[in-house]
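>>> Quick one: sequence and predicted model below, then my questions.
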Amino acid sequence: MNSQDKIRKIIILGGGTAGWLAACHLARKLKPNHSDGIQIELIESPHCPNIGVGEGTVPLMAKTLKEFGISESEFIQSCNVSFKQGILFENWNKPAAENTEPHRYYHPFEYPLLNNDSVANWLQTKPSDFSYAMGMQSTICDLGLAPKAITDKEYEGKLPYGYHLDAGLFSQFLAKHATTKLGVSHRCAHIIDAELTPDEHITCLIDEHGNRYAADFFVDCSGFEAFLLQQKLQVPTIPLTHTLFVDRALTIQIGHDERTPIVSYTKATAHQSGWIWDIALPTRRGIGLVYSSQYMAENDARTLLGDYINDAEKAQGARLIDMKIGYKAQFWKGNCVAIGLAQGFVEPLEATGLLLFDVTSKLLATQFPVYKSQLTICERRYNQDVKHLWESVAVFIKLHYALSNRDDSRFWLDNRDPATWPPRLNELLHQWRYQVPSYYDLPNGLDAFHLENYLYVLYGMAFETRIEEIAHRYEHAEKAQQQFATIRATAPQLAKHLQANQMLLEKIKQFGLSKI
Ligand SMILES: Cc1cc2nc3c(=O)[nH]c(=O)nc-3n(C[C@H](O)[C@H](O)[C@H](O)COP(=O)(O)OP(=O)(O)OC[C@H]3O[C@@H](n4cnc5c(N)ncnc54)[C@H](O)[C@@H]3O)c2cc1C
């Protein structure tokens, strides 16, 4: 290959969480500090602030931070972090009967053991709610305990965990790591234009003072405005609002009530036209009322938020975010890839934002072309894989709504209408009415959510899989019952080795965890 054809420099446009995550992934693989490495520069505007939300992550984030060579103690101490062990969903179904407790279920991070036909046996006997029968994490969450002990090493836990964090502090923390440890250079400049070749490859960016920044490859992390991919390269967005109706968020931060413990799960409480997230960080609670502007007026949303936080006046000051729901028709065009909100966005119900941007940055870094002549092949492959990821996320998010038996508003009735479901969801649910879900139903390694995640939502939402007529196909009833009994007995034993989430966080702040 001709050495002129070699890719030598990448510019990342945007210094939000997505920009810095992409910078760390690329720098870890492409080694800008090495004499043969690829130079990486991140440019961010001094005028456009980061979106500043995005407080919930999934366990992949722990793996990523470890791969970046970041100390978990330092991360916890710097980013106002608490542990997250899953999501507690409330009111997504009607209560079982009038005047009974609201419907609730956990989607924990622990993957259940799916041997011994355990799902089929659970369906036949239902010894307790699905997540409690299949694992210990729901019990540990109810008890307010952390997923690990102070004696556990960094990134190792008794149970899997992600984090709740302060989004602003997190991007600053990643920026420091990328620039001081991984060799990424950083520049503040407000970009107003880009020069393109006739075949629509970007050659350089131009800032408001006329300065030009040339590179061989560009990563668009400019947020919802998607300055390069959408505005310059004219790639349209494929909207998802016909399936996922929620498109607004009212966000607010409130202080902790001293008597309320810092829980280690995100609470997602459904309301008549959407849901409310409630995330406890060590020093505050982050709350967001997410709703559909087709079904709810902003004033009514503010009133509802006021009722939730018990402070109508404060709710009037909540920040309104217009969420652009959908993904780009192409994620990679020519020599430009979009990552972060510039790539796409769906409501943050399952913390898919950082998850997708983490996965797609890693995918880009791993498959990054050496030569410009490889760009077309990489473009085709990346677009295919990332499209699959987004489609699979839309299916999984819609599942939460499609299964609901709520009928108290048009929002829920329309969500239950199969005409608003992605065809793949229709197919899966039809199959799972009569057959126990299996790994073969979700065979693609690039699905963002796996069989285990589906099972928690399906059976947390009381989905009925009718296997009476094929009960003879399932064996191991005795072993499965033993498995459920062992889990029931082991959860209290595990609890003895764990301390309150808040107490552990305080200890880590003071002493740190032992290194890997
Ligand atoms: C309401 C809401 C709730 C969310 N909750 C979660 C959650 O719980 N979990 C989760 O994983 N994700 C969540 N997300 C997603 C998460 O916020 C984003 O994934 C994450 O913050 C990444 O944003 P970003 O870096 O793409 O964009 P931004 O933070 O908007 O950053 C854009 C960057 O581009 C720069 N820029 C823009 N234009 C220019 C220009 N012309 N010149 C130079 N620089 C420019 C800006 O200065 C900025 O640095 C949520 C998102 C929203 C909207």
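The structure has been received and is ready for your questions.
>>> Tell me how far the nearest residue to Ala402 once chain neighbours are set aside lies from Trp275.
Nearest residue to Ala402 in three dimensions, chain neighbours excluded: Trp421, at 5.5 Å (Cβ to Cβ, 6 or more residues apart in numbering). Where you see a C-beta, it was placed from the backbone N, CA and C, and this is true even at glycine. Distance of Trp421 to Trp275, computed by Cβ to Cβ, to the nearest Å: 18 Å.
>>> now swap in Glu452 and tell me
For Glu452, the distance to Trp275 equals 22 Å [Cβ to Cβ].
>>> got it, and Leu494?
Separation of Leu494 from Trp275 (Cβ to Cβ) stands at 30 Å.
>>> Between these two, tell me which one has more neighbours.
Legend: neighbour count by other Cβ atoms under 10 Å for Leu494 and Trp275, higher for Trp275 (22 against 17).
>>> For Ser71, list the residues it contacts.
Contacts for Ser71 (Cβ atoms under 8 Å, 6 or more residues apart in numbering) come out as 154, 512, 515.
>>> Just the buried ones out of those, please.
Among the contacts of Ser71, those buried by neighbour count (16 or more other Cβ atoms under 10 Å) are 154, 512.
>>> Closest one to Trp432 out of the contacts of Ser71, please.
Among the contacts of Ser71, Glu154 lies closest to Trp432 (Cβ to Cβ), at 38.9 Å.
>>> The residue nearest to that closest one when sequence neighbours are not counted: neighbour count?
What sits nearest to Glu154 in space, not counting adjacent residues and going by Cβ to Cβ, 6+ apart, is Glu72, at 3.9 Å. Neighbourhood size, Glu72 [other Cβ under 10 Å]: 22.
>>> Against Thr151, how distant is Glu72?
For Glu72, the distance to Thr151 equals 14 Å [Cβ to Cβ].
>>> Helix or strand for Thr251, just tell me which one.
Under the criterion of DSSP states H and E, Thr251 resides in strand 248-254.
>>> partners of that strand, with directions?
strand 285-291 (antiparallel), strand 319-322 (antiparallel) (DSSP bridges).
>>> Present those as JSON lines; the columns should include distance to Gln77, mean neighbour count and mean pLDDT.
JSON lines is the format used below for these (distance: least, Cβ to Cβ, whole Å; neighbours: other Cβ atoms under 10 Å; pLDDT from 0 to 100):
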{"stretch": "strand 285-291", "distance to Gln77": "19", "mean neighbour count": "24", "mean pLDDT": "97"}
{"stretch": "strand 319-322", "distance to Gln77": "27", "mean neighbour count": "12", "mean pLDDT": "97"}
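>>> residues contacting the residue nearest to Ala402?
243, 398, 402, 429.
>>> run the last query once more with 10 Å
The contact partners of Trp421, by Cβ atoms under 10 Å, 6 or more residues apart in numbering, come to 243, 394-395, 398-399, 401-402, 415, 427-429.
>>> can you give me the helices for the stretch 401-516 of the chain?
In the stretch 401-516 of the chain, helices defined by DSSP state H, counting those that start in this stretch lie at 410-416, 423-434, 451-460, 477-496, 501-511, listed in chain order.
>>> tell me the most buried of the ones you listed?
With neighbours taken as mean count of other Cβ atoms under 10 Å, the helices of the stretch 401-516 of the chain reach their highest mean count in helix 451-460, at a mean of 22.
>>> counting contacts, what elements does it pack onto?
Counting contacts by 3 or more Cβ pairs under 10 Å, 6 or more residues apart in numbering; DSSP states H and E, helix 451-460 is packed against strand 86-90, strand 104-108, helix 118-125, helix 130-134, helix 375-402, helix 423-434.
>>> quick one: Gly86 and Pro160 touch, right?
Yes. Contact criterion Cβ atoms under 10 Å: Gly86 and Pro160 qualify, at 9.1 Å.
>>> so what's the backbone phi/psi at the closest residue to the ligand within the stretch 101-250 of the chain?
Shortest the stretch 101-250 of the chain-to-the ligand distance, computed as Cβ to the nearest ligand atom: residue-wise this is Gly223, at 2.8 Å. For Gly223, the backbone dihedrals are phi 80, psi -160 (criterion: degrees, to the nearest 10).
>>> Tell me the confidence at it?
Gly223 is assigned 97 on the pLDDT scale.
>>> Please name the nearest non-neighbouring residue to it.
Distance criterion Cβ to Cβ, 6+ apart; nearest residue to Gly223, sequence neighbours excluded, is Leu341 at 4.6 Å.
>>> same thing with Thr17?
Ser171 (4.7 Å).
>>> closest to Ser128 out of the helices of the stretch 401-516 of the chain?
Comparing those by Cβ to Cβ, helix 477-496 comes nearest, at 7.7 Å.
>>> Can you give the contact residues for that closest one?
By Cβ under 10 Å, 6+ apart, the residues outside helix 477-496 that reach it are 112-113, 115-122, 124-125, 127-128, 132-140, 142-143, 145, 158-159, 471, 474, 476.
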